[in-house]
Structure formats: C-alpha cells, structure tokens
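>>> model this:
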Amino acid sequence: MLLTNAALWAAALGYVLPPVIAVVAQPRWTGAVKGLLMLVVATAVGLGTAYFNGDFSGKSAVTCVLTAAIAIGVAYHTVWKPSGIAPGIERATSTGGGRNPAVEPGA
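I've put the predicted structure just below:
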C-alpha cells in the first residue's frame, strides 16, 4: 500500500498528539470515554490532513482517519503511557485536582 502525504502527516501528528489529548482527558474517566476522545481527535486529524493536502476523497479521508487512530494508540501505549508523561499531564490538568473525596474527607 502506497501511503500518501496526507496519510504520512496523519501518522506524524497522531504520534505526537497523546500529550495534547491528555490535557483534556481526566484521570477519573473510564477507558471507553478516553477511547472515544481519541477517536474524535483522530477523526479531526485525519479529515484535516486529507483536506489540507488536497486529497479529501472518500478512501483517502478514511485512510487518514484510520492512520491517525492507529498512530495515536500505538504512540500512547508504547511511549507516552510507559514514560508516565501522559498520565502525569492528566493528573496535572485534572479539574478535580486528582483528589478522591470518598477517600479524603477533608478534600
């Protein structure tokens, strides 16, 4: 399969996006909600890269979305999560401050 410039851009952006996604994600969210957020971001990245590369057709746009989704997932699970960077960003940007009121009564 020959990758287009749009698909390569989608892969490159997908690889560096997990820390950006972690800014929005909250530690208390379930894996399903975080996965849905990742799919929304992958869709935006894929469609955007296809559009800005002048390759916004059905097959190319879908390829870019899937490429971005795979790149985000692989990068998160192989680089950003094991290093602790993405979970640390999630904790640091949590709206709840990372506290669990059920465990910490004074919080």
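>>> hang on, T4 packs against K59?
No - the pair T4 / K59 is not scored as a contact, 10.1 Å apart, by C-beta atoms under 8 Å. C-betas here are computed from N, CA, C, even on glycine.
>>> What strand or helix carries the nearest residue to A11 once chain neighbours are set aside?
What sits nearest to A11 in space, not counting adjacent residues and going by C-beta to C-beta, 6 or more residues apart in numbering, is A71, at 4.5 Å. Using DSSP states H and E, the element containing A71 is helix 58-75.
>>> Pull out the buried residues from that helix.
60-61, 63-65, 67-69, 71-73, 75 (16 or more other C-beta atoms under 10 Å).
>>> go on, stretch 13-27?
Here stretch 13-27 shows 13-15, 17-19, 21-22, 25-26 as buried, counting by 16+ other C-beta under 10 Å.
>>> How far off centre is it?
5 Å (C-alpha atoms, centre = their mean, to the nearest Å).
>>> That one - what's its average pLDDT?
Averaged across stretch 13-27, pLDDT comes to 94.
>>> Which other helices and strands does the lengthiest helix in the chain contact?
If you go by DSSP state H, the chain has its longest helix at helix 31-52. Here helix 31-52 touches helix 5-16, helix 18-24, helix 58-75, going by 3 or more C-beta pairs under 8 Å, 6 or more residues apart in numbering; DSSP states H and E.
>>> Counting neighbours, what do you get for the spatially closest residue to G73 that is not a sequence neighbour?
Nearest residue to G73 in three dimensions, chain neighbours excluded: M38, at 6.9 Å (C-beta to C-beta, 6+ apart). Other residues near M38 come to 20 when the count uses other C-beta atoms under 10 Å.
>>> and M38, what does it touch?
21, 69, 72-73, 76 (C-beta atoms under 8 Å, 6 or more residues apart in numbering).
>>> what do you get for T78?
Neighbouring residues of T78 by C-beta under 8 Å, 6+ apart: there are none.
>>> Check the gap between it and P19 for me.
14 Å (C-beta to C-beta, to the nearest Å).
>>> Before I go, just wanted to say thanks for your time.
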